[in-house]
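Visitor: Coordinates only, no sequence provided:
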């Protein structure tokens, strides 16, 4: 069966709860989506607001304090918000590739080349100990341990080599504190799970992001051996083809969405996984064109209109007002304009309830910066 980009689009949005907000808590969303991208502090809050009914940011703050959710380096070597169960079972699959990176010539201009990885790891484990440690304190230890090396590179190496996570206050609502790091096992009180099969992780990806190709799975996870994992799943997966003739895999019991189902306008956080978890992004970005990640580094995010990326936006604030400026990729219809304005106003009420609000839809090709 051949699947159009529109079928794939509506199916992806449905599985990500972007067609209809759900009455789920943050932990359930993170479990179903195998984590929320949390490279910065605000995107998980915006992502949860866009996916759930009446999302309260204190819910996520409480989950981080109670350790029912954690911020940890997993897929693609980036920070994700995940459940403790996923923290201990995904990390063993991701960690081996992370550990190789610091000792390659391209890492920080070869700052760690020539050092014994096991000796570096042992010093890092001693530095981290069993209690959370601020990054600044770890950098000071790194400078003492390796006075002839760049302390920042040594610290980054330790954070790649050792299974670690970020502890509060980093990641709390409107709290952009510098990271405080802890080893996973002391923080969660449970050991890493080295028995969790890669095939199960692949199947969960398909449930959240499928139907998808083996290259899509690899783009999301950066794991190797994807084809072998898919073969292991046997009749638990079924196959389709896309409009370009590629094989797509999906969970055998997963349901495809109606391609004619309406897709409301949605504003999501920068680096949201719904945009970044396929090698071919045609199902959500017209033409599959690449996103400009430097825009995201400036807190600029894509927005969805009729289910597809149709522009980008940023919120600008001062002491009295919050302005959400939208730069469209194309002209919106009058109905789309009204929908974007209404959803944008709701987002401002969530983000800045005490300020005056304005939603500004610019002309295509204008400058987003005021």
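Guide: Good, I have the coordinates. Not measured: the values here are computed from a predicted model.
Visitor: per-domain residue ranges of this structure.
Guide: Listed by automatic domain parsing, the domain ranges of the chain are 1-284, 291-361.
Visitor: quick one: the strands in the stretch 251-370 of the chain?
Guide: Remark: strands assigned in the stretch 251-370 of the chain by DSSP state E, counting those that start in this stretch are 266-267, 301-305, 308-317, 321-328, 356-361.
Visitor: strands paired with the first one, and their directions?
Guide: What that stands for is strand 266-267. strand 301-305 (antiparallel) (DSSP bridges).
Visitor: The strand it pairs with - what's its average pLDDT?
Guide: Averaging pLDDT along strand 301-305 gives 96.
Visitor: So which residues make contact with that strand?
Guide: 13, 18, 43, 46, 263, 265-270, 272, 275, 284-285, 291, 309-314, 326, 328, 332, 336, 339-340 (CB atoms under 8 Å, 6 or more residues apart in numbering). All C-beta spots, glycine's among them, are computed from the backbone N, C-alpha and C.
Visitor: same thing but at 6 Å, please
Guide: 265, 266, 267, 269, 270, 275, 309, 311, 312, 313, 336 (CB atoms under 6 Å, 6 or more residues apart in numbering).
Visitor: and which of these is nearest residue 94?
Guide: residue 275 (20.5 Å; CB to CB).
Visitor: gap between the closest one and residue 319?
Guide: 32 Å (CB to CB, to the nearest Å).
Visitor: ok, these two, which is more surrounded?
Guide: Counted by other CB atoms under 10 Å, residue 275 and residue 319 do not tie: residue 275 has more neighbours, with 19 against 5.
Visitor: Comparing the strands of the stretch 251-370 of the chain, which comes out most buried?
Guide: Compared across the strands of the stretch 251-370 of the chain, strand 266-267 shows the largest average neighbour count, a mean of 26 (mean count of other CB atoms under 10 Å).
Visitor: related to what we said a few turns ago, which of the contacts of strand 301-305 lies closest to residue 209?
Guide: Within the contacts of strand 301-305, proximity to residue 209 (CB to CB) peaks at residue 275, which comes in at 11.2 Å.
Visitor: Contacts only, for that closest one.
Guide: Residue 275 neighbours (CB under 6 Å, 6+ apart): residue 302.
Visitor: now swap in residue 43 and tell me
Guide: Here residue 43 is in contact with 269, 270, 271 (CB under 6 Å, 6+ apart).
Visitor: before we move on, the earlier item: Serialize the domains of the chain to JSON lines and add fields for distance to residue 367.
Guide: What follows is these, written out as JSON lines (distance: least, CB to CB, whole Å):
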{"stretch": "domain 1-284", "distance to residue 367": "18"}
{"stretch": "domain 291-361", "distance to residue 367": "8"}
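Visitor: count of residues packed around residue 257?
Guide: Counted with other CB under 10 Å, residue 257 comes out at 19.
Visitor: wait, it sits on residue 14?
Guide: Yes: proximity of residue 257 to residue 14 meets the contact threshold set by CB atoms under 6 Å, at 4.2 Å.
Visitor: one step back: possible to save the strands of the stretch 251-370 of the chain as JSON lines with distance to residue 115?
Guide: Output for these, formatted as JSON lines (distance: least, CB to CB, whole Å):
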{"stretch": "strand 266-267", "distance to residue 115": "45"}
{"stretch": "strand 301-305", "distance to residue 115": "39"}
{"stretch": "strand 308-317", "distance to residue 115": "42"}
{"stretch": "strand 321-328", "distance to residue 115": "46"}
{"stretch": "strand 356-361", "distance to residue 115": "52"}
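Visitor: Relative to residue 52, which of these is closest?
Guide: strand 266-267 (12.4 Å).
Visitor: mean confidence for that closest one?
Guide: 98.
Visitor: Contacts for it next, please.
Guide: 18, 50, 303, 304, 347.
Visitor: Okay, and the beta partners of the fourth one?
Guide: In this structure, residue 304 bridges to residue 266, residue 309 when assessed by DSSP bridges.
Visitor: Against residue 163, how distant is residue 129?
Guide: Counting by CB to CB, the gap from residue 129 to residue 163 is 14 Å.
Visitor: And the two? Which one has more around it.
Guide: The neighbour comparison of residue 129 against residue 163 (other CB under 10 Å) goes to residue 163, with 19 against 11.
Visitor: measure the more buried one to residue 49 for me?
Guide: Relative to residue 49, and taking CB to CB, residue 163 is found at 30 Å.
Visitor: Residue 1 reaches residue 240, doesn't it?
Guide: Yes: with contact taken as CB under 6 Å, residue 1 and residue 240 are classed as touching, separated by 5.1 Å.
Visitor: Show me which of the two is the more surrounded one.
Guide: Between residue 1 and residue 240, residue 240 has the larger neighbour count (other CB under 10 Å), namely 18 against 10.
Visitor: Wasn't the more buried one part of a strand?
Guide: Yes: counting by DSSP: H, G, I helix; E, B strand; the rest coil, residue 240 is part of a strand.
Visitor: Show the pLDDT at it.
Guide: So residue 240 comes in at 98 (pLDDT).
Visitor: shouldn't it be in contact with residue 249?
Guide: No: contact between residue 240 and residue 249 fails when scored by CB under 6 Å: they sit 8.1 Å apart.
Visitor: Return every residue with contacts to both of the two.
Guide: If you check residue 240 and residue 249 against CB under 6 Å, 6+ apart, no residue is contacted by both.
Visitor: now, which of the contacts of residue 43 sits nearest residue 231?
Guide: residue 271 (31.5 Å).
Visitor: Against residue 300, how distant is that closest one?
Guide: Distance from residue 271 to residue 300, by CB to CB: 11 Å.
Visitor: Tell me who's in contact with residue 26.
Guide: Residue 26 makes contact with 48, 59, 60, 63 under the criterion CB under 6 Å, 6+ apart.
Visitor: can we see that at 10 Å?
Guide: Neighbour list for residue 26: 36, 44-45, 47-48, 51-52, 55-57, 59-64, 68-69, 81, 83 [criterion: CB atoms under 10 Å, 6 or more residues apart in numbering].
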